[in-house]
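**Student:** quick check, what structure comes out for this input:
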Amino acid sequence: MNITQKRIRKLAGMFLLLVLLTGMVSVPCTAAEETSEDVIIVIPDEGTDGTIDQPASFRAEAVKNGIRLSWQEVSGAQKYEIFRKICGADGGYELIKTTKKCTFNDKTAAYGVSYYYKARAVSELEKKTNKSLFCKKVRGCTYHIDPSKPMVALTFDDGPSQYTSGILDTLEKYESRATFFEVGNRINQYPDTVLRISGMGCEIGNHSYDHALLGNASASKIHSEISRTDARIKAITGEKTQLLRPPYGSIGSSLRKNAGKPMILWSIDTLDWKSRNADTVYRAVINQVKDGDIILMHDIYSSTRTAVTRIVPELKKRGYQLVTVSELAQYRNVKLTAGGRYSQMRPQND
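**Tutor:** Below you'll find the predicted structure:
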C-alpha cells in the first residue's frame, strides 16, 4: 500500500467517526436486543426500552377455529403486537397481528402445527411510541382434545431412527400425537427428525444416553445419563425433557431418588422388539386397548412403522384421541411428580 492509499484510508476512517459522533447516521435498535434467546424478525424501530409494562398472564389455548391468545390489560397501552414462530423451525418470530383488544384468535395457524407466541404492549403519547419488553413465550397448537372422550398415549422408545419419519407421517395424516423417548447417543444422527417431532407437537422424553440400566445405578451415573441426553435434545429443540422412561423398565430406589423426572412405564407392551411382525404388533394394541392406556412400541423397527399405519386409523375409528403422555396426565388430572412412576391414566370413574 503506497503513501497516498494510506492517507485516503485514514481520512475515510476519520470521516466515518465524525458522522457517527454528530448523529448524522443512527444505528437502529432492533427487537433482537430484548432479553431472550430468540431472534425477533421485526422492522427496526425505537421505543423498546421497557418503560411500559409487558403483557401479563399471556396464554394460548386450542379452539375449534384456531389458537386463542389472551392476556391482561396493560395500563397505558393503546395496542398490542403479537409475534409467532413455528416450534423447532429455523429463523425468528414474525409480527402477525396488531390489536387494541386483549385477545386474539390466530385463525391462520395450520392444524396440528405447534407455534411459539410472544406479545408486547405499545403506548403512543405526544407523538412518541413506547413498546414494552416481550412477555415470556407460550406454546400453542390447533390440535384440540375433548376431555370427555377416550384417549390413549402411544409411546416409542430407543429412537430416533430411519423409521421415525414414517411414524410421524402417519401421526400427521391422522392429526394425532405421540411421545418419543429418545436415546441420547442417537439424537445427533437425526436432528431434523427431532425437530419435526417437536414441531408437530409430539412429546420428547428421556430414555438415557446409552440405554443404560439405571434402576440401582449410582447417583453420578444416573445424572450423567439423563443430563447428557437432555443437553443434546435442548441443543436441537431449545427445551429439556420433562419425562423419563427407564430403559428395560428398571426402577430401583436409587433411580427414584435421583431421576428428577416422572418415570413413565406402560400398560400395553406390544413386544414389537421380539416379534418384528406388523400383524402381531397391531393385534397387541387393538385386542387390549382401553381408555387411558400407555402403549409401548419402538421406532427402530420397520415392522413397527408398518403396524402404526394400521393402528392409528383404527384407534381413531374407534373414537380414541391419540395424545402425549403429558396431555393424558393433564386431562386425567394426574399430577406427575419427580420420582413417581406411571403406567396408565384411567378415567377417574374407573
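**Student:** against D53, how distant is K127?
**Tutor:** Taking Cβ to Cβ, to the nearest Å as the measure, K127 falls 21 Å from D53. Bear in mind the C-beta positions are built from the backbone N, C-alpha and C, glycine included.
**Student:** helices of the stretch 51-200 of the chain, residue ranges please.
**Tutor:** Along the stretch 51-200 of the chain, the segments classed as helices by DSSP state H, counting those that start in this stretch run 164-173, 184-187, 191-199.
**Student:** I'd like those helices as TSV, with mean neighbour count, mean pLDDT and distance to K316 appended.
**Tutor:** Converted to TSV, the helices of the stretch 51-200 of the chain look like this (neighbours: other Cβ atoms under 10 Å; pLDDT from 0 to 100; distance: least, Cβ to Cβ, whole Å):
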stretch	mean neighbour count	mean pLDDT	distance to K316
helix 164-173	19	95	10
helix 184-187	20	98	29
helix 191-199	20	90	20
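**Student:** out of those helices, flag the one nearest K85.
**Tutor:** helix 191-199 (10.4 Å; Cβ to Cβ).
**Student:** G319 - how many residues pack around it?
**Tutor:** For G319, the number of neighbouring residues by other Cβ atoms under 10 Å comes to 10.
**Student:** dump the residue contacts of the nearest residue to it once chain neighbours are set aside.
**Tutor:** Counting by Cβ to Cβ, 6 or more residues apart in numbering, G319 lies nearest to P150, which is 5.9 Å off, once chain neighbours are set aside. If a contact means Cβ atoms under 8 Å, 6 or more residues apart in numbering, then P150 has 291-292, 319-321, 347 as its contacts.
**Student:** ok, of those, which one's closest to Q242?
**Tutor:** Using Cβ to Cβ, the contacts of P150 come closest to Q242 at G292, 19.4 Å.
**Student:** which helix or strand contains S227?
**Tutor:** helix 219-237 (DSSP states H and E).
**Student:** averaged pLDDT, that helix. What do you get?
**Tutor:** The pLDDT scores in helix 219-237 average 96.
**Student:** what do you get for stretch 86-106?
**Tutor:** 91.
**Student:** centroid residue for this protein?
**Tutor:** Nearest residue to the geometric centre of the chain (Cα atoms, centre = their mean): S198, 4.8 Å.
**Student:** got a list of what it touches?
**Tutor:** Residues near S198 by Cβ under 8 Å, 6+ apart: 87-88, 114, 204, 236-237, 239.
**Student:** any stretches of the stretch 1-150 of the chain with poor pLDDT?
**Tutor:** Scanning the stretch 1-150 of the chain for pLDDT under 70 picks out the ranges 1-50, 64.
**Student:** coming back round to it: looking at the contacts of S198, which one is closest to G340?
**Tutor:** I204 (19.4 Å).
**Student:** quick one on the thing from earlier: chain center to the helix holding S227: distance?
**Tutor:** 17 Å (Cα atoms, centre = their mean, to the nearest Å).
**Student:** who touches that helix?
**Tutor:** With Cβ under 8 Å, 6+ apart, helix 219-237 has contacts from 87-88, 182-184, 187-188, 191, 194-195, 198, 204, 206-210, 212, 214, 217, 239-241, 244, 254-255, 257-261.
**Student:** ChimeraX command for the buried members of the residues you listed?
**Tutor:** Buried subset of these, written as a ChimeraX selection, criterion 16 or more other Cβ atoms under 10 Å:
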select :87,88,182,183,184,187,194,195,198,204,206,207,208,209,212,214,217,241,244,254,255,258,259,261
